[in-house]
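Peer 1: Sequence first, predicted model second:
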Amino acid sequence: MKPVKVGLLGLGTVGTGVVRIVEGHQEDLSSQVGSPIIIERIAVNNLNKIRNIEVDRSKLTEDPWDIIRDPDIDVIIEVMGGVEPTKAYILEALERGKHIVTANKDLMALYGSEILAKAQEKQCDVFYEASVAGGIPIIRTLIEGFSSDRIMKIMGIVNGTTNFILSKMSQEGASYEDVLLEAQQLGYAESDPTADVEGLDAARKMAILGTLGFRTNVELSDVTVRGISAVTKEDITYAKKLGYEMKLLGIADRDPEDDEFSITVQPTMVKNTHPIAAVSGVFNAVYVYGEAVGETMFYGAGAGEMPTATSIVADLVAVIKNLKLGVNGLKAIVPYKPKKLKNDETIAYKNFLLLHVADRAGVLAKITQVFAEYAVSLESVVQSPNANTKDAEIIIVTHNASKASMDKVLKHFEKLDVIQRVKSVYRVEG
Ligand SMILES: NC(=O)C1=CN([C@@H]2O[C@H](COP(=O)(O)OP(=O)(O)OC[C@H]3O[C@@H](n4cnc5c(N)ncnc54)[C@H](OP(=O)(O)O)[C@@H]3O)[C@@H](O)[C@H]2O)C=CC1
Ligand SMILES: N[C@@H](CC=O)C(=O)O
């Protein structure tokens, strides 16, 4: 049995997990694919770095081109991250007929269609299961499991770092900065955690899920993004009081009538009876609503060494099985529907607002009048007065309102002298 030779780009958190699984499960893996799997070469940034795994040092190189150009290597696993030069490595590897497994959502969200087109031209596989929701096999589920259905809504906690932070802030009252540091130490966060906390990592993942779910070409710029860095303990406390959990939620939904869709990533107050509200820590969950199947939900660890490596090695197994059969697998997801994005007039959802007023006398009438002027109806209005002074917090939940109308309301509030400050505005789900 000729061994299958793998070139690994990156030996950080995920790369280390890949080596552990390929070595630790070798017997089981080789019996599934009918040949031994050998990690032949590994590219790293720094040969002298101390690693928490023992590897044969003669396999290491600081030059990924050594691996890309090696004719003996059949499959490249890319877990070094980044867009350039990683894209150049992957395109050249495909040009040379090598199959690709990657965890790189930055790359797939921006250049997925170019990479998949090259794979198709070269009859190669490009699998990227680990790029969304770590250990949850959501990409294969959307491509294969739901190929028969029309997906109407995908709602996901798809960033482990931010869910870890929000959960610890909510459950333990921990500080944002302390938990972010802990998430970095545990290997959940990106090398630059701004991508996690500002929602960009989740937006990349939602662009990938939207493309697969709605079978159209969703670009990163189609996703509206807002991160969690401005979420306060006070917001979380009010959310809880009203029966919600604060989550960084990606929501992709489309209209059954005209297929218009929107995708947003933003801190969202989720009704605590919704199963996604109970997903905490580094766990991710993706809720998928299909016209025929109805509600489904997929749950598991969204980041970290071993869960992410599980998806990578499962992709590797799929590549090798295809190699043996002389076929390609999931490669050709060619988006075929014209893209119809919702605009500010047609995107609508419920909103939570926390306002601070200096003098609560007569203020509710003035505030509700503004909502009425822009045809935004209200689900609830609660006043939380300060016992010793005249000021108060006003907590409002709207019914579904268009983004355009809400923008007008907020603009109007800037001129309304009774409102001292709009402290927070969040999307509400459920
Ligand atoms: N961490 C996670 O939980 C998840 C990560 N991902 C994705 O997986 C990928 C890897 O993430 P992660 O393992 O956390 O990242 P790390 O930063 O832990 O590891 C990156 C690895 O790539 C190597 N590397 C970086 N640049 C180069 C280069 N120019 N040439 C050669 N080697 C290079 C580094 O070398 P050295 O060790 O010498 O510094 C390191 O071994 C990213 O795309 C990430 O977004 C996806 C899902 C979950
Ligand atoms: N930084 C990411 C890692 C996995 O994609 C996350 O926290 O989810």
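Peer 2: That came through, no problem. Ligands and ions are numbered 1, 2, ... in the order given.
Peer 1: And residue 351, its phi and psi?
Peer 2: phi -130, psi 150 (degrees, to the nearest 10).
Peer 1: tell me the pLDDT at the closest residue in space to it that isn't next to it in sequence?
Peer 2: Spatial nearest neighbour of residue 351, chain neighbours left out: residue 398 (4.6 Å); criterion: C-beta to C-beta, 6 or more residues apart in numbering. From N, CA and C alone the C-beta is placed, and that goes for glycine too. pLDDT for residue 398: 98.
Peer 1: For residue 398, give me its contacts.
Peer 2: Applying C-beta atoms under 8 Å, 6 or more residues apart in numbering to residue 398 gives the contacts 350-351, 353, 371, 376-379, 406, 428.
Peer 1: Would you convert those into TSV that also reports pLDDT and distance to ligand 2?
Peer 2: TSV is the format used below for the contacts of residue 398 (pLDDT from 0 to 100; distance: C-beta to the nearest ligand atom, whole Å):
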residue	pLDDT	distance to ligand 2
350	98	26
351	98	26
353	98	29
371	98	36
376	98	34
377	98	36
378	98	35
379	96	32
406	98	29
428	98	24
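Peer 1: Pull the most distant pair out of those.
Peer 2: 371 and 428 (14.8 Å; C-beta to C-beta).
Peer 1: And for residue 274, nearest residue in space, chain neighbours not counted?
Peer 2: Nearest to residue 274 is residue 430, by C-beta to C-beta, 6+ apart, at 4.5 Å.
Peer 1: just checking, the one you found touches residue 287?
Peer 2: No: Residue 430 is not in contact with residue 287 according to C-beta atoms under 8 Å; the separation is 10.7 Å.
Peer 1: per-domain residue ranges of this structure.
Peer 2: 4-132+306-325, 138-302, 348-429 (automatic domain parsing).
Peer 1: Of those, which is nearest residue 336?
Peer 2: So among the domains of the chain, domain 138-302 is nearest, using C-beta to C-beta, at 6.1 Å.
Peer 1: So for that closest one, first residue to last residue, what's the gap.
Peer 2: End-to-end distance for domain 138-302: 11 Å, by C-alpha to C-alpha, to the nearest Å.
Peer 1: Any stretches of this structure with poor pLDDT?
Peer 2: For the chain, the stretches with pLDDT under 70 are 329-335.
Peer 1: Pick out the residue of it closest to ligand 1.
Peer 2: residue 12 (1.8 Å; C-beta to the nearest ligand atom).
Peer 1: which one is that residue nearest to, not counting chain neighbours?
Peer 2: Per C-beta to C-beta, 6+ apart, closest to residue 12 is residue 79, 7.0 Å.
Peer 1: can you count the residues close to the residue nearest to residue 274?
Peer 2: Burial measure for residue 430: 16 neighbouring residues, criterion other C-beta atoms under 10 Å.
Peer 1: tell me the contacts of it?
Peer 2: Residue 430 is in contact with 244, 270-271, 273-274, 277, counting by C-beta under 8 Å, 6+ apart.
Peer 1: same thing but 7 Å
Peer 2: 270-271, 273-274 (C-beta atoms under 7 Å, 6 or more residues apart in numbering).
Peer 1: Residue 279 too?
Peer 2: 157, 163, 285, 299.
Peer 1: Would you show me how to pick out the buried ones of those residues in ChimeraX?
Peer 2: Burial among these is assessed by 16 or more other C-beta atoms under 10 Å; the matching ChimeraX selection reads:
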select :157,163,285,299
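Peer 1: Inside strands: which ones of the contacts of residue 279?
Peer 2: 157, 285, 299 (DSSP state E).
Peer 1: distance of the first one from ligand 2?
Peer 2: Right, the one you point to is residue 157. 9 Å (C-beta to the nearest ligand atom, to the nearest Å).
Peer 1: Wait, that residue touches residue 285, no?
Peer 2: Yes: counting by C-beta atoms under 7 Å, residue 157 sits close enough to residue 285 to count as a contact (5.2 Å).
Peer 1: who touches both of these two?
Peer 2: Common neighbours of residue 157 and residue 285, counting by C-beta under 7 Å, 6+ apart, are 276, 279.
Peer 1: Get me the contact residues on this protein for ligand 1.
Peer 2: 10-15, 43-46, 49, 64, 79-81, 103-104, 130, 134, 187-188, 190-191, 303-304, 308 (C-beta under 6 Å from any ligand atom).
Peer 1: ok, and of the residues you listed, which contact ligand 2?
Peer 2: 134, 188, 190, 303.
Peer 1: need the contact list for the residue nearest to residue 12.
Peer 2: By C-beta under 7 Å, 6+ apart, residue 79 lies in contact with 9-10, 14-15, 18, 103, 312.
Peer 1: on that earlier part again, present the contacts of residue 430 as JSON lines; the columns should include secondary structure.
Peer 2: Shown next, in JSON lines, are those (DSSP: H, G, I helix; E, B strand; the rest coil):
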{"residue": "270", "secondary structure": "strand"}
{"residue": "271", "secondary structure": "strand"}
{"residue": "273", "secondary structure": "coil"}
{"residue": "274", "secondary structure": "coil"}
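Peer 1: separation between the residue nearest to residue 274 and residue 236?
Peer 2: 17 Å (C-beta to C-beta, to the nearest Å).
Peer 1: Name the residues linked to residue 349 by a beta bridge.
Peer 2: On the basis of DSSP bridges, residue 349 is bridged to residue 401.
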